[in-house]
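1. the sequence and its predicted three-dimensional model are supplied below.
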Amino acid sequence: MTPNQSSSPWKKYVAAVLSLLFMADFALAFFVWQGGREGPETKRRQRDRLGLQAKLLKADVERGEKIKASLPQVGKDCDGFYKADFLPASAGYSAILAELTEITHKAGLKTSGVSFQQKELKGHGVTEIAMKTTVEGDYPALIEFIHALERSKNFYLLDNLTLASGGSTPGIKLNLDLRTFFRT
């Protein structure tokens, strides 16, 4: 065996490794050259855009933390609203009927009475009460009636307000669909 024959595989191995290193250097030089073509202004714009995006994301996180911190107070406020504005079911009907009658008389309106329809809202601890009534009178009295409903200590939702067919008396006749809720 001659010295040339034993060193031949070693030389091929070294040549292959050097070729791979040369190709890796060439690829790296190409990527650096491509990145340098964009110029410093493009890089500044990218940095500014990413900085703005980071600020927006940070603001979102801070807003989320504030909301998370306020949740216990929101729960207390909801409980307070529930206890203060929803009548107990045991005394609700008589209190609502008395208040609607009082508001109607103070406004100087005529009414045909109030009909109630109860709907249990399972899992919420409340009962929805749908009410229908018709009131009749002049325009200022009707406006006074609606304002009194808005200012009431009880919670009312005015779902529908329609002009009813007129009777023999002068004035405006309105059909009202209201809702309220009772604690159960």
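-> Happy to help now that I have it. Numbering: from 1, shown residues only.

2. quick one: name whatever helix or strand follows the strand or helix carrying His105.
-> Taking DSSP states H and E as the definition, His105 sits inside helix 89-107. Using DSSP H and E, the next helix or strand after helix 89-107 towards the C-terminus is strand 110-121.

3. pLDDT below threshold where in this structure?
-> Low-confidence segments of the chain, defined by pLDDT under 70: 1-7, 35-38, 165-169.

4. how close does Lys12 sit to Leu18?
-> 11 Å (Cβ to Cβ, to the nearest Å). Heads up, the C-betas are built off the backbone N, CA and C, glycines and all.

5. one more: Ser112?
-> Distance from Ser112 to Leu18, by Cβ to Cβ: 103 Å.

6. who has more neighbours, those two?
-> Ser112 (13 against 10; other Cβ atoms under 10 Å).

7. which ones are touching that one?
-> Taking Cβ atoms under 8 Å, 6 or more residues apart in numbering as the criterion, Ser112 is in contact with Thr133, Thr134.

8. could you check how far it is from Ala24?
-> From Ser112 across to Ala24, the span is 92 Å (Cβ to Cβ).

9. please apply the same query to Asp85.
-> 74 Å.

10. so between these two, which is more surrounded?
-> The neighbour count for Asp85 versus Ala24, taken as other Cβ under 10 Å, is higher for Asp85 (15 against 10).

11. not counting sequence-adjacent ones, nearest residue to that one?
-> Phe155 (4.3 Å; Cβ to Cβ, 6 or more residues apart in numbering).

12. tell me the angle the helix or strand harbouring Leu174 makes with strand 110-121.
-> In this structure, Leu174 sits in strand 172-183 according to DSSP H and E. Counting by axes from the mean of the first three to the mean of the last three Cα atoms, to 10 degrees, strand 172-183 lies at 30 degrees to strand 110-121.

13. before we move on, what SS does His124 have?
-> coil (DSSP: H, G, I helix; E, B strand; the rest coil).

14. all further residue positions should be reported with the first residue as 51.
-> Okay, residue one is now 51; in that scheme the one you just asked about reads as His174.

15. and it, how far from Glu149?
-> 23 Å.

16. please apply the same query to Phe76.
-> 88 Å.

17. perfect, I'm done here.
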